[in-house]
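>>> Sequence and predicted structure below; questions after.
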Amino acid sequence: MELKKLSEHIWYMPFEEERDRPNLGYVRGEKLCLAIDAGHSEAHVREFYGLLQKEGLPLPTLTVLTHWHWDHTFAMHAVNGLTMANKRTNGHLLECMKKIEMNGPDVFLNMYDSIRKEYEGGREVIVVPADIVFDGDMTVDLGGCTVRLLQTPAPHTDDSTLVYVCEDNTLFVGDAACSQFPNGTKDRILSGDLAEKIRSTGAVTCVEGHWQPVETEDTLADLLN
């Protein structure tokens, strides 16, 4: 696996289908560095950090979550710096913590083969809440690079956050444009609302959770199909 440079301020570790690992984004400013999504497990985020260090890039100061799903969040306990999530995302994580505390990790491990592969060898399942919780939108100045965090309606979950890197005209959408989890439907009203939110950013490039970066119009066409 190689770290890919997307633009002046942005790099990413590509997604992997076998263990359902999403793209992990990285934005470097003059003062702070921000990661987009925390990863599926500690092993996942450690591989990400190894790639950053190989390129001479500092570890993230902040890590923001696009939504609560395990493949994007369950390595939060192992990240460098502080984690950020919207209020709904943090609430879902607290629910996951309680379920695992009450019923053990099998409630999680038995969901999908990809999860069992990620946690093979008896790796511990650890869920933690975010350090910083916001409600609505937020702007983060990394120093010479501005990142907007945009909470948005979306068909996939009720807690989606878009991450727009302003100077690079690039929008990280996580899995927001995907069908609803877990029933696989795609609500047309929510899809339309998300499309309007994406258009409002003026983004040229979109980075979805489990696909290569594409032109924004490609993401919109897939979303509204």
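Perfect, I can see it now. These numbers come from a predicted model, not from an experiment. Numbers count the residues shown, from 1 in each chain.
>>> what's the weakest-modelled helix or strand in this structure?
helix 106-109 (a mean of 90; mean pLDDT, DSSP states H and E).
>>> continuing past it, what's the next helix or strand?
As assigned by DSSP states H and E, the chain's next helix or strand after helix 106-109 is helix 113-118.
>>> Which elements pack onto that next one?
helix 70-73, helix 106-109 (3 or more C-beta pairs under 8 Å, 6 or more residues apart in numbering; DSSP states H and E). C-beta coordinates here come from the backbone N, C-alpha and C atoms, glycine included.
>>> Out of these, the one nearest residue 208 is which?
Proximity to residue 208 (C-beta to C-beta) singles out helix 70-73 among the helices and strands packed on helix 113-118, at 11.9 Å.
>>> For residue 154, which of the helices and strands packed on helix 113-118 is the nearest?
helix 70-73 (13.6 Å).
>>> Direction included, what does the following helix or strand past the closest one pair up with?
Moving toward the C-terminus from helix 70-73, the next helix or strand (DSSP H and E) is strand 82-86. Here strand 82-86 has these sheet partners by DSSP bridges: strand 62-64 (parallel), strand 132-134 (parallel).
>>> Please identify the most buried of these.
Across the strands paired with strand 82-86, the average number of neighbours (mean count of other C-beta atoms under 10 Å) peaks for strand 62-64, which reaches a mean of 27.
>>> mean confidence for it?
Here strand 62-64 scores 98 as its mean pLDDT.
>>> which strands and helices sit next to the helix or strand residue 43 falls within?
In the assignment (DSSP H and E), residue 43 maps to helix 42-54. With contacts taken as 3+ C-beta pairs under 8 Å, 6+ apart, helix 42-54 sits against strand 10-13, strand 24-28.
>>> From the centroid of the protein, which residue is nearest?
With distances taken as C-alpha atoms, centre = their mean, residue 37 lies nearest the centre of the chain, 3.3 Å away.
>>> Tell me how many other residues crowd the closest residue in space to that residue that isn't next to it in sequence.
With sequence-adjacent residues excluded and distances taken as C-beta to C-beta, 6 or more residues apart in numbering, residue 37 is closest to residue 72, at 4.3 Å. Residues near residue 72, counting by other C-beta atoms under 10 Å, number 24.
>>> shouldn't residue 72 be in contact with residue 36?
No. Under the criterion of C-beta atoms under 8 Å, residue 72 is not in contact with residue 36, lying 9.0 Å apart.
>>> Residues that sit against both of the two, list them.
By the contact definition C-beta atoms under 8 Å, 6 or more residues apart in numbering, residue 72 and residue 36 are jointly contacted by 66, 174.
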